[in-house]
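A.B. asks: sequence and predicted structure, then a few things I'm wondering about:
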Amino acid sequence: MAGQWFGHSYSNEFHTTATIVINIESRNPGSVLHISVDPQSQRRMIADGTIEIDGKIIRGKTFRFQIYDHGLHAMVPLPIFINNHQIKEELPTEAEYTAEFDGAKIVGTYKNNLNQTGTFVAWRSYSEAKHGHPHVENEKIIPMKWEEFKGHIATFRSKDRILYRGQHSNIYPLKTSFHRKGRNNVPRYLIEDVFRLRHRINSISSHYYQQTPEDLQGLLCLAQHHGFPTPLLDWTESPYVAAFFAFDCLAERNNWFEKKDRGPVRIFTFDLKAWQSISRPLAQSLNDPFPDFQFFSPPAHNNPRYYPQQSMAAFSNLENIEDFIAAYEYENNAKYLTRIDILASERETVEDDLRFMGITPATLFPGFEGACKSLRAELFDNQ
């Protein structure tokens, strides 16, 4: 059951349908994070919960409700939110639920402490919750040679705001390093893990990272570039910088070619302008639990790599980003995300070409690391 579940809940008293997301982490399978969006007030609420599974039957409770405060850009405990906004209506503080998993979806009922009742249904994918059927990727991609790739990518020059991301293999999906660790509870991560990260970085940083939306972006971007798992994905405005990372041009050539059966590398392209032009609800900040995938340009404090790599960061609290994008592609009859594969055997040609373009470890990684690795490639890896 670990992972994300998307769906809807229906209130018997108010006859309204809310959007829900259920997060179950593999590290703590007995607990859940429940996210709901009220259809009338559009309040984004989260609640911790328990989950007990007995065959197909699922039972549990939700409690410790918090609401996203748009003014503070933060999750606020329910009692504090009620007091700050002088809310007169009584809001539930806990609920019990019973559900059944039929192999495809979770269907259940709930009753809260105000004796309000309702039903809910949740699917494994966002596409199923939104359109009633899962997204199936059936695009056949034929790996290219490097010269083919350069010719193909030249056609993108006429398009505005195309972003690129390179990955070492074509078998791995778009997924943040945070989600690759089996985690999906972003609110808990921001409170517990990022609190410790901020404390550690501030002890050695010339810039003091505060608990503001801008500094949170900068802190996570810095941490991402230094190996700390984050719910961010690095993208670049250059297809050639993306190719550098796809072919792992920091690694020694001998290590790269050790695998005789190494499959193609992959370049993702994303039409940012088209994505930003569609009408859809958005998360208002990284603290907003509403399911989303969006781009931002974080401040580059302590991050000299950011501008040489022509970087842009994408944030997502979604485990399956490609499915989320595909749901909107289906809805708008559009294509935002494309995939290009390049033969792994082209690495030497790619490295030599990128070096001629001035794309090397020394230029993308200013400092000692980039200088040494660039010189290693020049003096040792070519022999």
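C.D. replies: Right, received. Where do you want to start?
A.B. asks: gap between the closest residue to residue 124 other than its chain neighbours and residue 193?
C.D. replies: Leaving aside its sequence neighbours, residue 124 sits nearest to residue 5 (CB to CB, 6 or more residues apart in numbering; 6.3 Å). Just so you know, the C-beta spots here come from the backbone N, C-alpha and C atoms, and that holds for glycine as well. Residue 5 sits at a distance of 23 Å from residue 193 (criterion: CB to CB, to the nearest Å).
A.B. asks: how about residue 238?
C.D. replies: Here residue 238 is placed at a distance of 31 Å from residue 193 (CB to CB).
A.B. asks: who has more neighbours out of residue 5 and residue 193?
C.D. replies: The residue with more neighbours, out of residue 5 and residue 193, is residue 5; 24 against 17, by other CB atoms under 10 Å.
A.B. asks: what's the average pLDDT for the helix or strand in which that one is found?
C.D. replies: If you go by DSSP states H and E, residue 5 is part of strand 3-11. Mean per-residue pLDDT for strand 3-11: 96.
A.B. asks: equivalent analysis for stretch 251-270, please.
C.D. replies: On average, stretch 251-270 scores 82.
A.B. asks: what's the end-to-end length of it?
C.D. replies: 26 Å (CA to CA, to the nearest Å).
A.B. asks: now do the buried residues in that stretch.
C.D. replies: 253, 256, 264, 265, 266, 267, 268, 269, 270 (16 or more other CB atoms under 10 Å).
A.B. asks: can you check stretch 151-165 too?
C.D. replies: Neighbour-count burial for stretch 151-165, with 16+ other CB under 10 Å as criterion, is recorded at 153, 162, 163, 164, 165.
A.B. asks: do stretch 8-21 as well
C.D. replies: In stretch 8-21, counting by 16+ other CB under 10 Å, buried: 8, 9, 10, 11, 18, 19, 20, 21.
A.B. asks: and the two most separated of those residues?
C.D. replies: Using CB to CB, the buried residues of stretch 8-21 span at most 17.1 Å, a distance reached by 11 and 21.
A.B. asks: picking that back up, go through the buried residues of stretch 251-270 and say which is closest to residue 89.
C.D. replies: The nearest one, if we look at the buried residues of stretch 251-270 relative to residue 89 and count by CB to CB, is residue 270, at 41.7 Å.
A.B. asks: specify the local secondary structure of that closest one.
C.D. replies: Of the three states, residue 270 takes strand according to DSSP: H, G, I helix; E, B strand; the rest coil.
A.B. asks: pull the CA atoms of stretch 12-23 into CSV?
C.D. replies: C-alpha atoms of stretch 12-23 as CSV (Å, rounded to 0.1, in the frame of the first residue of the first chain):
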residue,chain,number,x,y,z
ASN,A,12,-23.2,13.4,3.0
GLU,A,13,-24.1,16.5,5.0
PHE,A,14,-22.8,19.2,2.6
HIS,A,15,-23.2,17.3,-0.7
THR,A,16,-19.7,18.4,-1.8
THR,A,17,-16.8,16.6,-3.3
ALA,A,18,-13.2,17.3,-2.1
THR,A,19,-9.9,16.4,-3.7
ILE,A,20,-7.8,14.0,-1.6
VAL,A,21,-4.3,12.7,-1.6
ILE,A,22,-3.2,9.8,0.7
ASN,A,23,0.6,9.4,1.3
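A.B. asks: what about that stretch, distance to the chain center?
C.D. replies: Offset of stretch 12-23 from its chain centre (CA atoms, centre = their mean, to the nearest Å): 24 Å.
A.B. asks: can you tell me how far residue 217 is from residue 223?
C.D. replies: 11 Å.
A.B. asks: who's in contact with residue 13?
C.D. replies: By CB atoms under 8 Å, 6 or more residues apart in numbering, the contact list for residue 13 reads 116, 117, 118.
A.B. asks: ok, which stretches of the stretch 251-383 of the chain are helices?
C.D. replies: Taking DSSP state H, counting those that start in this stretch as the test, the helices found in the stretch 251-383 of the chain are 253-256, 272-277, 321-332, 347-357, 361-364, 368-376.
A.B. asks: ok, which of those comes nearest residue 66?
C.D. replies: If we rank the helices of the stretch 251-383 of the chain by CB to CB, the stretch that ends up nearest is helix 321-332, at 23.4 Å.
A.B. asks: packing partners for the closest one?
C.D. replies: If you count contacts as 3 or more CB pairs under 8 Å, 6 or more residues apart in numbering; DSSP states H and E, helix 321-332 packs onto helix 126-131, strand 293-296, strand 337-342.
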